[in-house]
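Asks: Got a predicted structure here, sequence first:
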Amino acid sequence: MATTQTDARIKIERPSEKKLKALGVKRWPIWTKEPSTFDWEYDEQETCYFLEGEVTVKTDQGSVRLGPGDLVTFPKGLACTWHVAKPVRKHYRFG
């Protein structure tokens, strides 16, 4: 999925399989979510890797569109609204 980024605090990468393996992404827990809209604030940094779905995350500084293949880092303290357009399945790690 092509990503559009307008909030520089959110880091989005298209990682290689080598990087995913080095991070141990496949050992991270999996989170799923049906289409919905909800507010969220990160009390610690989260790194996640999207396996499925389509999400737009809106902040006070803009929005990002995320989907399969995106490795995303959300910083501690970020307040945002998630708009899940297609069911999400992602690996995630806090801290």
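Replies: Received the coordinates, thanks.
Asks: Any idea what T73 is bridged to?
Replies: K11, T47 (DSSP bridges).
Asks: That one reaches Q45, doesn't it?
Replies: Yes - using Cβ atoms under 8 Å, T73 is in contact with Q45, at 6.6 Å. (Glycine included, C-beta is placed from N, CA and C.)
Asks: which residues in the protein form strands?
Replies: 11-13, 30-33, 36-41, 46-59, 62-66, 71-74, 79-94 (DSSP state E).
Asks: in this protein, what residue sits furthest out from the centroid?
Replies: K18 (19.4 Å; Cα atoms, centre = their mean).
Asks: What distance do you get for that one to A8?
Replies: Per Cβ to Cβ, to the nearest Å, K18 is found 26 Å from A8.
Asks: who are the neighbours in contact with G53?
Replies: 33, 67-68, 84-90 (Cβ atoms under 8 Å, 6 or more residues apart in numbering).
Asks: Let's see the pLDDT reported for it.
Replies: At G53, the model reports a pLDDT of 98.
Asks: which residue sits closest to it in space, ignoring its chain neighbours?
Replies: With sequence-adjacent residues excluded and distances taken as Cβ to Cβ, 6 or more residues apart in numbering, G53 is closest to V88, at 3.4 Å.
Asks: Could you tell me how many residues sit around that neighbour?
Replies: Look at V88: counted by other Cβ atoms under 10 Å, it has 23 neighbours.
Asks: T59 now?
Replies: Neighbourhood size, T59 [other Cβ under 10 Å]: 16.
Asks: Number the residues from 43 up from this point.
Replies: Taking 43 as the first residue, the last one we looked at is T101.
Asks: isn't it right up against A50?
Replies: No - counting by Cβ under 8 Å, T101 stays clear of A50, with 10.3 Å between them.
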